[in-house]
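Peer 1: when you get a sec, could you give me coordinates for this:
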Amino acid sequence: MTSRKLILGSLLAITLLSFRDAHHRTAFRRFFHAAPEGNIYIIVIKSNYELQLYDQNGWYATYPAVFGNKSLDDKMIMGDRKTPEGTYHILSKRPHEKWNKIMDLDYPTTADKEKFNERKAQGLIPASARIGDGIAIHGTWPHDEHAVDAYQMWTNGCVSLKNEDMDEVYRIVPVGTKVIIQH
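Peer 2: Here you go, the predicted model:
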């Protein structure tokens, strides 16, 4: 190995170690890699306030995200502002007049309905409760990206990204993409 390659390799290793937060790692990956390849999927980790994008090569990018209720618990009933946990798929994508762009999820799934009915049977939720719907991944109000930076839980249970991040995810992710939401 030439000394030049050794120096460049060392600089690259030092640079990688310095990218400790998700935003900087994402910027580094985008700078050195092309668009994601093969099957793409999303993992939303509520406790980390992150939406992670994966492709056939593994982790591709991480974006800061916020949700509805500050508790970060699983959605129980319509109106609780909690983000559901489970495996979903993107049903549709479209521009949105309030939140830049939106990608609708297939909530509630059969698994969500079973969980909901079990909770009713156990008396954890009122018999008259409804499960709700309309969960999506979307941007923020115009000029309101600081809500994500400040971890403001403002949605009704959706996943919200900064508009510039939503633009990128929207461009990359096709309809039908698997979305795993976990605590």
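
Peer 1: can you tell me how far the closest residue to residue 57 other than its chain neighbours is from residue 137?
Peer 2: By the measure of CB to CB, 6 or more residues apart in numbering, the closest residue to residue 57 outside its immediate chain neighbours is residue 37, 6.2 Å from it. In short, each C-beta sits where N, CA and C put it, glycine included. Between residue 37 and residue 137 the distance is 21 Å, computed by CB to CB, to the nearest Å.

Peer 1: pretty sure residue 112 sits in a helix.
Peer 2: Yes. Assessed by DSSP: H, G, I helix; E, B strand; the rest coil, residue 112 belongs to a helix.

Peer 1: check which helices and strands the longest strand along the chain is in contact with.
Peer 2: When the chain is parsed with DSSP state E, its longest strand is strand 86-96. With contacts defined as 3 or more CB pairs under 8 Å, 6 or more residues apart in numbering; DSSP states H and E, strand 86-96 has these neighbours: strand 100-105, helix 110-121, strand 178-182.

Peer 1: only alpha carbons, please: show it as PDB.
Peer 2: Extracted as PDB, the C-alpha positions of strand 86-96 are listed here (Å, rounded to 0.1, in the frame of the first residue of the first chain):
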ATOM      1  CA  GLY A  86     -46.100  -2.600  13.400                       C
ATOM      2  CA  THR A  87     -45.400  -3.400   9.800                       C
ATOM      3  CA  TYR A  88     -47.100  -1.200   7.200                       C
ATOM      4  CA  HIS A  89     -46.800  -0.400   3.500                       C
ATOM      5  CA  ILE A  90     -47.000   2.900   1.600                       C
ATOM      6  CA  LEU A  91     -50.400   3.000  -0.100                       C
ATOM      7  CA  SER A  92     -50.100   6.300  -2.000                       C
ATOM      8  CA  LYS A  93     -47.900   9.400  -2.300                       C
ATOM      9  CA  ARG A  94     -49.000  12.900  -3.200                       C
ATOM     10  CA  PRO A  95     -48.200  16.600  -2.600                       C
ATOM     11  CA  HIS A  96     -50.100  18.000   0.400                       C
END
